[in-house]
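S.K.: any chance you can model this:
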Amino acid sequence: MKILVVEDEIEMQKSITQYLELEKNIVEVANDFNSAYEKIQVYEYDCVLLDITLPNGSGLDLIKTIKKSRPKTGIIIISAKNSFDDKIDGLNLGADDYLPKPFHLPELNARIKALIRRNNFDGVDVIVINEITLYPDERKVLINNNPINLTSKEFDLLVYFIANKNRVIQKNALVEHLWGDSADQFDNFDFIYNHVKNLRKKLLAAHCNDYIQSIYGIGYTFKTEL
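M.R.: Numbers count the residues shown, from 1 in each chain. I've put the predicted structure just below:
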């Protein structure tokens, strides 16, 4: 998952980031309203962890921006302002959850996973697409009930493809989702071809249908409607 942490308390920001990265997420950070606003305008995230009280602005205004430009993005408010009005205002604006500080990181992680399941996979713990069975929490994939070995990036690619099945996915969207801020360091996105090729090769070797289709000059589609 690609997550944006909007938090001006640096130590808390570091703790959240380190924990979520250990859970195999791509994590980006913003320390204030302006940097968060810029990232939200440019990049797409599965989930935004958002403090309400920020330098240069309010997290509530960021919720409005996210819901206008990225309506699929999940939002969890993490705030020390544990007042009833703040909670109601944030949820009414479109936030999906509210976790008052202080909180335990495993609880935060569990809420993020539950939110992603609701938004992308109808709330289920196990994702089944024809002969593909995917266990996101265990990072395990079965093809026709037989396990296959995928690298971390191949697994993340497959999850992203399934979450966006039957849609056209541009190469830059794949790279930004899987590499986060590091995507800006690449001169071009041609290297994504090898990752997709290797994933497709392993799926076909396991007698999976050929769902991954290349769209010349644009990117890919994971076409389950064969």
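S.K.: hey, let's count contacts and neighbours off CA atoms from now on
M.R.: Fine.
S.K.: and the worst-scoring helix or strand of the chain on mean pLDDT, how far out from the chain middle?
M.R.: For the chain, the helix or strand with the lowest mean confidence is helix 171-179, at a mean of 81 (criterion: mean pLDDT, DSSP states H and E). The gap between where helix 171-179 is centred and where its chain is centred comes out at 11 Å by Cα atoms, centre = their mean, to the nearest Å.
S.K.: for Asp210, which residues are in contact?
M.R.: Contacts here follow Cα atoms under 8 Å, 6 or more residues apart in numbering; on that basis Asp210 touches 200, 203-204.
S.K.: SS state for it?
M.R.: Of the three states, Asp210 takes coil under DSSP: H, G, I helix; E, B strand; the rest coil.
S.K.: can you map out the strands along this protein?
M.R.: Ranges of strands in the chain, per DSSP state E, are 2-6, 26-30, 47-50, 53-54, 57-58, 74-79, 97-100, 127-129, 132-135, 140-143, 146-147, 168-170, 212-215, 219-222.
S.K.: which helices and strands sit right next to the least confident helix or strand of the chain?
M.R.: In terms of contacts (3 or more Cα pairs under 8 Å, 6 or more residues apart in numbering; DSSP states H and E), helix 171-179 is packed against strand 26-30, helix 152-163, helix 192-205.
S.K.: show me what the first one is in contact with.
M.R.: Spelled out, it's strand 26-30. Against strand 26-30 from outside (Cα under 8 Å, 6+ apart): 1-8, 13, 17, 20-21, 36, 177-181.
S.K.: pull out the buried members of those residues.
M.R.: Among the contacts of strand 26-30, the ones that count as buried by 16 or more other Cα atoms under 10 Å are 1-8, 13, 17, 20, 36, 177-181.
S.K.: quick revisit: nearest approach to Glu225 belongs to which of the helices and strands packed on helix 171-179?
M.R.: Counting by Cα to Cα, Glu225 lies closest to helix 152-163 out of the helices and strands packed on helix 171-179; the figure is 12.2 Å.
S.K.: okay, the lengthiest helix in the chain in PDB with CA atoms only?
M.R.: Longest helix of the chain, by residue count under DSSP state H: helix 105-121. As requested, the backbone C-alpha atoms of helix 105-121 are provided in PDB (Å, rounded to 0.1, in the frame of the first residue of the first chain):
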ATOM      1  CA  LEU A 105       1.000   1.300  16.100                       C
ATOM      2  CA  PRO A 106      -0.500  -2.200  15.600                       C
ATOM      3  CA  GLU A 107      -4.000  -0.800  16.100                       C
ATOM      4  CA  LEU A 108      -3.200   1.900  13.500                       C
ATOM      5  CA  ASN A 109      -1.900  -0.800  11.100                       C
ATOM      6  CA  ALA A 110      -5.000  -2.900  11.600                       C
ATOM      7  CA  ARG A 111      -7.300   0.100  10.900                       C
ATOM      8  CA  ILE A 112      -5.300   0.900   7.700                       C
ATOM      9  CA  LYS A 113      -5.600  -2.700   6.500                       C
ATOM     10  CA  ALA A 114      -9.400  -2.800   7.200                       C
ATOM     11  CA  LEU A 115      -9.800   0.500   5.400                       C
ATOM     12  CA  ILE A 116      -8.000  -0.700   2.300                       C
ATOM     13  CA  ARG A 117     -10.000  -3.900   2.300                       C
ATOM     14  CA  ARG A 118     -13.300  -1.900   2.400                       C
ATOM     15  CA  ASN A 119     -12.200   0.500  -0.300                       C
ATOM     16  CA  ASN A 120     -10.500  -1.900  -2.800                       C
ATOM     17  CA  PHE A 121     -11.700  -5.400  -2.000                       C
END
